[in-house]
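please work out how this folds:
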Amino acid sequence: MGNSSATIGDFVNGFLSSWGLYTSRQPDREARRNNVKGACSVKYLSTWWPRPAGTAADYKQMQQRILELFQKWQVPETIVFHQFLVRVGEFGGYAVIETDDLPAVHQMATVFAGFHVRLEPVLDIMDAVSAELQALAWRDSVV
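Okay, the predicted model is just below:
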């Protein structure tokens, strides 16, 4: 890192930027500290896959119904989709979403009940590295 004023965050920022993996969007930590509405949103990785259907005709009907619903569906204002991906060759996928409104996520999963949905909280790499460094420093300080 060479420069004594550089932080581990600067190092990780530079590394991720060099690989094209980092965006300049950072959580508003000041807003979180001041308990500003929406500042405590959490990112989630949502994974979905089709529920088992009885016959090929049942599966086809379920696919058609989901596509009909999707064409009319509006993303709730309280959910931000950072990425919305479909697995190639399958009727399922992934989404990276951010929200502080879990009832809206539950409503979305209910609308598309033809899918199993798994929701996992995730962290941006910079937040994870910061938390890990703080935890390691505290742990090392305990005698």
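
low-confidence ranges, the chain, go.
1-39 (pLDDT under 70).

strands of that one, start to end?
Secondary structure of the chain by DSSP state E: the strands cover 42-50, 79-86, 93-99, 115-122.

what's the burial count for Thr62?
You called it Thr, but residue 62 is Met. The number of residues packed around Met62, counting by other Cβ atoms under 10 Å, is 19. (C-beta placed from N, C-alpha, C; glycine too.)

how many other residues sit next to the closest residue to it other than its chain neighbours?
Distances taken as Cβ to Cβ, 6 or more residues apart in numbering place Gly114 nearest to Met62, at 4.5 Å, with adjacent residues excluded. Other residues near Gly114 come to 17 when the count uses other Cβ under 10 Å.

what about Gly114, distance to Leu67?
The spacing between Gly114 and Leu67, counted by Cβ to Cβ, to the nearest Å, is 10 Å.

before we move on, back to that, what's the closest of the strands of the chain to Tyr59?
Set against Tyr59 and scored by Cβ to Cβ, these come closest in strand 42-50, at 7.2 Å.

kindly calculate the angle that that closest one makes with strand 115-122.
160 degrees (axes from the mean of the first three to the mean of the last three Cα atoms, to 10 degrees).

from the chain's centre, how far out does strand 42-50 sit?
Put simply, strand 42-50 sits 7 Å off its chain's centre (Cα atoms, centre = their mean, to the nearest Å).
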